[in-house]
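Novice: Predicted model and sequence below, questions to follow.
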Amino acid sequence: MNTLATPAIAAATEAAKISMIGSRAFLVEAPGAFDLPAQRRIWALAQALEAQPDVQELVPGMTNLLVLLKATPADPQAVLTRLRDAWAASAELDRPGRLIEIPVHYGGEMGADLPAICDFSGLPAAEVIARHHARTYTVFALGSAPGFGYLHGLDPAIFMPRKKVPSLNMPRGTVTIGGMQAGVSVLTGPNGWNALGYAEIEVFDPHAAHPALMAPGDTVRFLPERIEL
Amino acid sequence: MEILATGPLNTVQDLGRFGYRNVGVTTSGAMDPLALRAANLLLGNAETAAAVEVQTFPFRLRFDQDGAIAITGADCRPVLDGMPLPPWWALPVRAGQVLDLTAPVSGARSYLAIAGGIDVPVVLGSRSTALRGDFGGLDGRALQQGDRLAACTAPPPDLPATGLGVVPPETALAAYFPARDETGTLVLRALPSGEHDLFGRDAERFWAQEWKISAQSNRTGYRLSGDPIHPDTPVEMRSHGLVPGVVQVPPAGEPIIQMSDANTAGGYPKIAGVIEIDLWRLGQARIGSRIRLERSDVATAIAAEKAVEAWLSDIRHTAAMVTDALAGMAGRQGRNKDED
């Protein structure tokens, strides 16, 4: 891992938003844009906090970091200050990862929300699909379900808000868009993201030494294996 | 032991699977960790040993070897071979005996622990069943009629033949947890969370009103029904890590409290977080019952945590004293082996 040089001014301008969830979890949210530089600073913050004796778990999210302490702190204000300082001191950390190529069957029964994405974006289906597989994505974080990778890099023309009413039984392997994020679902079940295709991939094996296929920093490319319109 | 009858969604649980949230693995674990820890301590087990969490009844099983059990949590009126047992009780059992657990009058979940702990494979550091993901516990699924569960090898504790019990925490720790309202409403303490202030006047309505635990509630989360609350302007959040106890408000305005099988990440605005030491009480709250959230602080949480640890420490010492005395009378070595 390399630490990229960051102009000092970037660290000094905006403070992170830090809030508590319950009695011993703190959420640090990066200010500013939803982009790779912000995520790199989140990775750096996680690395800086890893060795702290009172930290139990660190859960990177999308330009944010959940810091779970081992015990309820007697002085939460001191923790807030410490985290704010740690954020200000975080430079960008590059995590060069692997390239993961995912063949996708676009459209058809498993791309049930493609018409809605077309309506919202004003683009024809073929264009939505082309824009989806033209991009290179970065795994920002894993979460929600075992091995699920939150992907950054979606073309803004096909951003699509999460559904108001989630699909009740979306199959695993569904290729989805949730707001400005992309992903491939790993469990069959309720899901509020929008389906545009299907991929046959195994992303999690609880019995493996490294259970998750993806890791933060990995690069993902979708390959149009079949397009069904 | 062999499961002779069970409802759906009864599972093997320990205290949970920690350290894998960053790959999307939920913690799982007992919804009432106090009950599980007490049951294990009564038996001289490690507090982290696995037990059966029974949340649907009737539940019936037959022991296929001699050993000892403890039943804690919601009082499921246990009956061993026709003999009613007191709640929060541990006692020796013999091969062939049949245990019946019936739907509790109050509380939602009972814990059946066995000396040595339930022997299922440890997956990612825990024996808890991860129903979302289909691993852990017994083959990653809920228990079914005909299933057999074994205990890890352990010398059976020397329990009095009639058993040994503890005063349940609702009574023993009453001074450290808010009393129920006159109407029986459960009061839970919480701290405001990240988007609290975005709810403006609705935030006050969140704290003031009683919420009903809807039928769409389970180990993953409790959906509350009541007078909806909304942020002043809609919020589209970036997904972030979650912990059990977080109170999220989806667009429809009725809050969800994430529980043991919670998603590890989410993006709904969060108005509050129930303090962790109060979650066992929520784990025992029944569908259809009412709760109210009360603004609290870390000092209150720490005081309750200390009281819980002292109560558990009492159980540990008392159980060890009783079994050592019995072992001494029988000429065997007891639990306090290092005192020799």
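Specialist: Received it, and whenever you're ready, just let me know what you need.
Novice: Could you pull out the strands in the stretch 51-200 of chain B for me?
Specialist: B:51-54, B:59-62, B:67-73, B:79-80, B:83-84, B:89-93, B:98-101, B:110-114, B:164-165, B:186-192 (DSSP state E, counting those that start in this stretch).
Novice: Just after the last one, pick out the following helix or strand.
Specialist: For strand B:186-192, the succeeding helix or strand toward the C-terminus, using DSSP states H and E, is helix B:201-208.
Novice: Next one: that next one, is it in contact with chain A?
Specialist: No - Helix B:201-208 stays clear of chain A (Cβ under 8 Å from any Cβ of the partner chain), getting no nearer than 14.0 Å. Every residue, glycine included, has its C-beta placed from N, CA and C.
Novice: Can you name the element that comes right after that helix?
Specialist: Assigned by DSSP H and E, the successor of helix B:201-208 is strand B:211-213.
Novice: Would you check how far apart B:Arg238 and chain A are?
Specialist: Using Cβ to the nearest Cβ, to the nearest Å, B:Arg238 is found at 4 Å from chain A.
Novice: Please identify which helix or strand holds the spatially most central residue of chain A.
Specialist: Chain A has A:Tyr150 as the residue nearest its centroid, 2.8 Å off, counting by Cα atoms, centre = their mean. Counting by DSSP H and E, the element that carries A:Tyr150 is strand A:149-152.
Novice: tell me which strands and helices that strand is in contact with?
Specialist: On a contact count with 3 or more Cβ pairs under 8 Å, 6 or more residues apart in numbering or on different chains; DSSP states H and E, strand A:149-152 meets strand A:137-142, strand A:181-184.
Novice: low pLDDT regions in chain A?
Specialist: Along chain A, segments meeting pLDDT under 70 span A:1-13.
Novice: Show me the domain layout of chain B.
Specialist: Domain ranges of chain B: B:2-166, B:177-296, per automatic domain parsing.
Novice: before we move on, what about chain A?
Specialist: Using automatic domain parsing, chain A is parsed into the domains A:2-94, A:99-228.
Novice: For stretch B:248-263, C-alpha coordinates in PDB please.
Specialist: This file holds the C-alpha atoms of stretch B:248-263, laid out as PDB (Å, rounded to 0.1, in the frame of the first residue of the first chain):
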ATOM      1  CA  GLN B 248     -33.600   3.800  11.500                       C
ATOM      2  CA  VAL B 249     -36.400   5.600   9.800                       C
ATOM      3  CA  PRO B 250     -37.400   4.400   6.300                       C
ATOM      4  CA  PRO B 251     -39.300   6.700   4.000                       C
ATOM      5  CA  ALA B 252     -42.700   5.500   5.300                       C
ATOM      6  CA  GLY B 253     -41.800   7.000   8.700                       C
ATOM      7  CA  GLU B 254     -42.200   4.000  11.000                       C
ATOM      8  CA  PRO B 255     -38.900   3.200  12.700                       C
ATOM      9  CA  ILE B 256     -37.000  -0.100  12.500                       C
ATOM     10  CA  ILE B 257     -34.700  -1.200  15.400                       C
ATOM     11  CA  GLN B 258     -32.000  -3.500  14.100                       C
ATOM     12  CA  MET B 259     -31.400  -6.600  16.200                       C
ATOM     13  CA  SER B 260     -29.000  -9.500  16.400                       C
ATOM     14  CA  ASP B 261     -29.300 -10.600  12.800                       C
ATOM     15  CA  ALA B 262     -29.100  -7.000  11.600                       C
ATOM     16  CA  ASN B 263     -27.600  -6.000   8.200                       C
END
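Novice: which parts of it are buried?
Specialist: Under the neighbour-count criterion of 16 or more other Cβ atoms under 10 Å in any protein chain shown, stretch B:248-263 has B:248-251, B:254-263 buried.
Novice: now do stretch B:217-235
Specialist: Those would be B:217-224, B:226, B:229-231, B:235, for stretch B:217-235 by 16+ other Cβ under 10 Å.
Novice: and that stretch, anywhere near chain A?
Specialist: No - against chain A, stretch B:217-235 shows no contacts by Cβ under 8 Å from any Cβ, the least distance being 9.6 Å.
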